[in-house]
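> sequence below, structure please.
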Amino acid sequence: HSTDFEVHRNWLALTHSLPLNQWYYENRSEWTLDYPPLFAHFEYGLSKLAPYFDSAMLDINNLNYASRKTKLFQRLTVIGSEIILAIAIFSLLKSMQIGRKNHDIPMPIIQLLFALSLLNNFGLMLVDSILFLILNH
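As a prediction, the model looks like this:
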C-alpha cells in the first residue's frame, strides 16, 4: 500500500486513541500529524466511523496495517468527501442566484464555470482519487 495510505491510517489511530493535547506530539510512527487542526478534527470524526469497518486500523501501535476493510473504509471516505464537496458547491451556486440583478453574463454560465473550477481541482483529485483509490488495491 502507499505511504499516503499509512499516513492517514496513522492519523485516524492517533486522533482516536490520544487526547487532543497529544495529537501533534505523538511520534511512534514517522507519520506525525502535521496538518492544521481543522483537518485533525476531520480525521477524528472519521475515526468514529472506522470501527464499523475494522477497529484494528485504530490501534496506534498497528503500523502499516492495511486490511481489506481498512482499504474500503479509506476509499469510501475519499468518495464521500468528494460527494460532500459537490453538494456544497451546488448549494453555493443555488444561493448565488438570490438577489442577482441583470448582468451581461447569464447566471448558468457563471455557475458552470465556478463549479468546473472547483470540481476540477487537479491537485485534490490527484491526491484523493489516485493515491487512495488506485494505488491501494
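> right, and the helix or strand after the longest helix along the chain?
Looking across the chain with DSSP state H, the single longest helix is helix 68-96. Where DSSP states H and E defines the elements, the next helix or strand beyond helix 68-96 is helix 107-119.
> what sits up against stretch 86-97?
For stretch 86-97, contacts defined as C-beta atoms under 8 Å, 6 or more residues apart in numbering pick out 107, 110-111, 114-115, 118-119. C-beta: built from backbone N, CA, C; applies to glycine.
> closest one to Gly80 out of the residues you listed, please.
The shortest approach to Gly80 among the contacts of stretch 86-97 belongs to Leu119, at 15.4 Å (C-beta to C-beta).
> pLDDT below threshold where in this structure?
Scanning the chain for pLDDT under 70 picks out 1-2, 96-106, 119-137.
> residue contacts, the nearest residue to Ser47 once chain neighbours are set aside?
Distances taken as C-beta to C-beta, 6 or more residues apart in numbering put His16 closest to Ser47, at 3.6 Å, once the chain neighbours are dropped. By C-beta under 8 Å, 6+ apart, the contact list for His16 reads 44, 47-48, 50, 58.
> also Met57?
For Met57, counting by C-beta under 8 Å, 6+ apart, the contacting residues are 9, 12-13, 50, 65, 67, 69-70, 73.
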